[in-house]
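Enquirer: Give me a model of this one.
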Amino acid sequence: MGLFDLFKKKKKSEESKKSNILLAMPMFNHGETFEINKVVEYLKSNWNISISDVDGDHDLVTFSVKGETVVLATMPSPIPLVEIKEVARYAYNWMTAEKDLENHNAHVLVTITSSKNTALERFKILTKILASIVATTNCIGVYQGTQSLLIPREQYLQGAEALNSNQIPLDLWIYIGLGRSENGNNVYTHGLAAFDKLDMEIINTKLDLEELHNLVWNISAYVINQDITFKNGETLGYTAEQKIKISKSVGHFVEGQTLKLEI
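Expert: Sure thing, here's the model as predicted:
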């Protein structure tokens, strides 16, 4: 089975659909985690963010950022390997993830509770906090189970820098799955539900995988940046001549309803 032939039905539980809580898990070897003072200083120096209402110790710290309540909870244990293995099978951005993470023995639960900020603003805050933890520790990488993402250390730091130029680090926020079948190439997103959007799929197209990835990446970034909600029967395109028909139906590679882009 080839790299891009790996498909699975992505699960969307009712709980994850309704929850506004954002959750991510930086992972560590040797029981090392974070020092809150270093994280706070990095947030201020690199992101120009000041936090308030800091409370707790190394094991459990809470603070406020732009109206968001953030909780950092140190877990002196690994994320279950069976969970890591399941996501690692599809982590084409981190081909050695399973081996690299097999001996990790600690992680931090980074949680942002619900607020009145937009999903876009909240994900920006989450990314800046995670980047600050990664940059000031020996973090191996970040696991975001809701989006089926495993992101190695350097990719996370490089991706987060997009925020300094008013771009979005989409690869840190959603998963884009690619695959081949007898009838053509396929692509799907997983993670747009966190932005209150339906995931998208393109099924059995003649476009090559790189074109598919770039197309869906750009459309997803547009949807998130502009808070666009496509409707069944609409069309989209980059030119007056291009008409990509949108239909809503049960997902092929993602559970629940998805938007099919017909190309």
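Enquirer: Geometric centre of this protein: which residue is closest?
Expert: Trp173 (2.6 Å; Cα atoms, centre = their mean).
Enquirer: Check the closest residue to Gln147 other than its chain neighbours and give its pLDDT.
Expert: Distances taken as Cβ to Cβ, 6 or more residues apart in numbering place Gly191 nearest to Gln147, at 3.5 Å, with adjacent residues excluded. (Glycine included, C-beta is placed from N, CA and C.) At Gly191, the pLDDT value in this model is 95.
Enquirer: Give me the neighbour count for Gly191.
Expert: 23 (other Cβ atoms under 10 Å).
Enquirer: same check, this time on Ser165
Expert: By other Cβ under 10 Å, the residues close to Ser165 number 6.
Enquirer: follow-up on the earlier one: is it true that the residue nearest to Gln147 touches Ile176?
Expert: No - Gly191 sits out of contact with Ile176 when judged by Cβ atoms under 8 Å, with a separation of 9.0 Å.
Enquirer: neighbouring contacts of stretch 22-38?
Expert: 54, 58, 61, 72, 74, 76, 78-79, 101, 103-112, 122-123, 126, 130, 133-134, 136-146, 194 (Cβ atoms under 8 Å, 6 or more residues apart in numbering).
Enquirer: Restricted to strands, list those.
Expert: 54, 61, 72, 74, 106-112, 141-144 (DSSP state E).
Enquirer: From Ile140, how far out is Trp173?
Expert: 20 Å (Cβ to Cβ, to the nearest Å).
Enquirer: That should have said Glu86, apologies.
Expert: Taking Cβ to Cβ as the measure, Glu86 falls 18 Å from Ile140.
Enquirer: Of these two, which one has the most company?
Expert: Relative neighbour count places Ile140 above the other of Glu86 and Ile140, with 21 against 14, counting by other Cβ under 10 Å.
Enquirer: how about that one, what does it touch?
Expert: Taking Cβ under 8 Å, 6+ apart as the test, what Ile140 contacts is 27-29, 100-101, 104, 152-153.
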